[in-house]
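A.B. asks: Everything below, folded, please.
(2 chains)
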Amino acid sequence: MTIRTRFAPSPTGFVHVGAIRTALFSWLLAKKDKGVFILRIEDTDKVREVEGSIQQIEDSLRWLGIDWQEGIDVGGPSEPYLQSHRLDIYKEWANKLIASGRAYADPYTKEQLESFRNQAKANKSPFMYRDYRPESPPVWDGSQPLRFKSDPKPYRWTDAVMGELSTGYEAIDDFVLVKSDGYPTYNFCHIIDDKIMEVTHVLRSQEFIASTPKFLNLYEALQIERPILATLPYVMSIDGQKKLGKRDGAKDILEYKKEGYLPEAMVNFLATLGWNDGTEQEIFSVAELVEKFSLQRVQKSPARFDEKRLLWLNGQWIRRLSINDLSTRANDFWSESAKNSSEQLRQQILALVQDRLKTLSDLPTLTSYFFDEPTPDWQMVENDKQLGKLQPAEIVELLKQSLIALSESGFSAEDLQQTLNSLLDSTSQKPAVLFSIIRVSVSWSPFSPALNETLAVLGQNTVKARLNLAIETGSQKV
RNA sequence: GGUCUCAUCGUCUAACGGUUAGGACACCAGGUUCUCAUCCUGGAAAUCCGGGUUCGAUUCCCGGUGAGAUCACCA
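C.D. replies: Numbers count the residues shown, from 1 in each chain, chains lettered A, B, ... in the order given. Down below sits the predicted model:
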């Protein structure tokens, strides 16, 4: 039997990076086995539902290349994949539990429940609903919550990641199966759906360990064989010691797309957050991950979301792109004037700045002077360690000589390097001085790619015009 | 408070019970005709504490400590 996994988010807002990692691991596990990855939407909490979430979930997964073979949108043998459309199924299973005496209507009001809780609190003992289990509950008419009649006992089970886990009977209580609004709870319906959808491996984050005994108890009552359980360690917040959650800085995964991160980098990063293949390899393609992933090598301890590492990986992946590919991906990030320029020019520039990009959104600031005329700022010259020592007159003289030499240059990158080298000879200047002054004069930017290549892409006319402007404004300083 | 989980450089991590405890990010220094970046070289940096078991413990066991999670008509 092949592996079948699922990602089952609730549509309560954007998908954050921690949740996506769970999806990614589930997907990798299924892909490795040429199995099936299911996307199911758990929309049983109508109060918290946020409109547009489902679209956002799909967009997030698609951006990373995580595809689903069954689920919303694509359908499949266990349709529908939206839990709110499966209420009849849950009701059927609920009735089975009632018939077998394992579920009963909760007769208490919320106020009564609250007072039970306070009582327990006053006694400094944990609140257990089962301590207040009604002796002769009313017939369930759907208006009361339906509760599970639990059979508390200690459990010991094997988790594919954490190994042997155990809990005492305190972990099991009479939890709600169906809410008074008619919707089932997660605790109940995920078990039914996983069974019907023949899910073989359930991967979820560590916070579910505490409720696993409840599930085990329910599996028994329903006579459902449980799938393999795998608990993933938390993704911790960037700065703190908390599990990463929306409240403390977990970002929408699509935020990273907007910020110019590559999906390859994000997948690489998330996959190696709590997993490694045991070698010293750091960069993994999706294909390699699919091939190498295994639950046995998933870490038990939580991992912090280190954005610096993500940034480094992004740079690594940007450098691995062909210029054509990079160009396609960069489309949304160019400045307006860059967008109006030719594709050819943009590609030439990309070739120069590829090594300098950490994210695609660095593009506009890194390349502005190629597309827009920069404003001379002599403060830059004065603040420069080398140039600051020179008199304005000397600088203007150097610029004039440079203008003459460059006017006669062939303007290929190679020609320009020769021109610049002979200019070093004729002016008896160090590169630190001569190259700096030319670079600043044509870019008015704190940094740029290699001078000869920058000049070549700018073109002879632009270079001459900018040098002239620099000479003009520089002369006023003399 | 009850229950549960985890513990190697600042961070992510590697190490059949035998290693000078390895790699990567970040940081620092040097190199690559100017800057920024890439790339290369080098540097500093860790086994939470205490007991066992063992010839030998980062590794196995126990106890602390620390951190985190969970105790909903949320998922």
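A.B. asks: Just the pLDDT for the residue nearest the centre of chain A.
C.D. replies: Geometric centre of chain A, nearest residue: A:I253, 3.9 Å, by CA atoms, centre = their mean. A:I253 is assigned 95 on the pLDDT scale.
A.B. asks: ok, it - contacts?
C.D. replies: By CB atoms under 8 Å, 6 or more residues apart in numbering, the contact list for A:I253 reads A:F14, A:V15, A:H16, A:V17, A:I20, A:S60, A:W63, A:L64, A:M266. C-beta coordinates here come from the backbone N, C-alpha and C atoms, glycine included.
A.B. asks: One more: A:K214?
C.D. replies: A:K214 sits next to A:F148, A:S150, A:A171, A:I172, A:D173, A:F175, A:N187 when contact means CB under 8 Å, 6+ apart.
A.B. asks: re earlier: most neighbours out of the contacts of A:I253, which is it?
C.D. replies: Highest neighbour count within those: A:I20, with 26 neighbours (other CB atoms under 10 Å).
A.B. asks: from the contacts of A:I253, which is closest to A:E343?
C.D. replies: Taking CB to CB as the measure, A:E343 lies nearest A:W63 of the contacts of A:I253, at 24.0 Å.
A.B. asks: hang on, the closest one is in a strand, isn't it?
C.D. replies: No: counting by DSSP: H, G, I helix; E, B strand; the rest coil, A:W63 is not part of a strand but helix.
A.B. asks: And it, how close does it get to A:P374?
C.D. replies: According to CB to CB, to the nearest Å, A:W63 stands 35 Å off from A:P374.
A.B. asks: Dihedrals phi and psi, A:E397?
C.D. replies: Phi and psi for A:E397, reported as degrees, to the nearest 10, are phi -60, psi -40.
A.B. asks: Ignore what I typed, I meant A:P364.
C.D. replies: Phi and psi for A:P364, reported as degrees, to the nearest 10, are phi -60, psi -50.
A.B. asks: Show the pLDDT at it.
C.D. replies: The score at A:P364 is 96. That number is its pLDDT.
A.B. asks: burial measure for it, as a count.
C.D. replies: Number of residues near A:P364 (other CB under 10 Å) recorded here: 16.
A.B. asks: follow-up on the earlier one: give me the subset of the contacts of A:K214 lying in helices.
C.D. replies: A:N187 (DSSP state H).
A.B. asks: Check the contacts of A:K214 one by one and keep those near RNA strand B.
C.D. replies: Residues of the contacts of A:K214 in contact with RNA strand B (CB under 7 Å from any atom of the strand): A:A171, A:D173, A:F175, A:N187.
A.B. asks: my guess is the third one meets A:L146, correct?
C.D. replies: So the one you mean is A:F175. No: using CB atoms under 8 Å, A:F175 makes no contact with A:L146, being 10.3 Å away.
A.B. asks: And these two? Which one has more around it.
C.D. replies: Set A:F175 next to A:L146 and count neighbours by other CB under 10 Å: A:L146 wins out with 25 against 19.
A.B. asks: Against RNA strand B, how distant is A:K430?
C.D. replies: Applying CB to the nearest atom of the strand, to the nearest Å, the value for A:K430 to RNA strand B is 7 Å.
A.B. asks: This completes my enquiry, with thanks.
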